[in-house]
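S.K.: Curious how this folds, go ahead:
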Amino acid sequence: MTKKTDTDEGPADKDAREIARKATRKQKALREGKDNPFFGLAMFGLVGWAVAVPTVLGIALGVWLDARTGGEISWTLTFLFAGVVLGCLNAWYWVQKEGRDD
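M.R.: As a prediction, the model looks like this:
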């Protein structure tokens with residue numbers, strides 16, 4: 001007789017483990033209140049603000065710099081782009097943080 005290892009398990013064993021993992025996640029979500037429809041709405045708002053705030057701050061900084069310096073570079077567009085990139089990275093961080101399995 002050979003000893004059964006994890007790599008020898010059949011499709012039914014993998015399916016059973018996947019179902020058990022999903023059931024555990026569902027129970028955890030119910031305990032933590034993440035199954036609430038307002039959680040999704042709050043997460044949507046969090047992502048929106050995570051992008052909007054750095055973008056607006058970047059525009060404000062760019063307009064201020066454009067008023068102070070007269071040059072060929074548009075600081076408003078530069079900091080608009082930087083704010084959007086920073087905001088998207090910020091939103092990605094929060095979505096990843098909330099989506100992790102603990």
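S.K.: any idea how far T55 lies from G99?
M.R.: Remark: distance between T55 and G99 (CB to CB, to the nearest Å) = 23 Å. For glycine as for every other residue, the C-beta is placed from the backbone atoms N, C-alpha and C.
S.K.: Comparing the two, which shows the higher neighbour count?
M.R.: T55 (20 against 9; other CB atoms under 10 Å).
S.K.: Enumerate every residue touching that one.
M.R.: 80, 83-84, 87 (CB atoms under 8 Å, 6 or more residues apart in numbering).
S.K.: Let me have these in TSV, extended by neighbour count, pLDDT and secondary structure.
M.R.: Listed next are these as TSV, based on neighbours: other CB atoms under 10 Å; pLDDT from 0 to 100; DSSP: H, G, I helix; E, B strand; the rest coil:
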residue	neighbour count	pLDDT	secondary structure
L80	18	96	helix
G83	22	96	helix
V84	16	96	helix
G87	22	94	helix
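S.K.: ok, so of those, who is nearest A60?
M.R.: Ranked by distance to A60 (CB to CB), the contacts of T55 are led by G83 at 9.2 Å.
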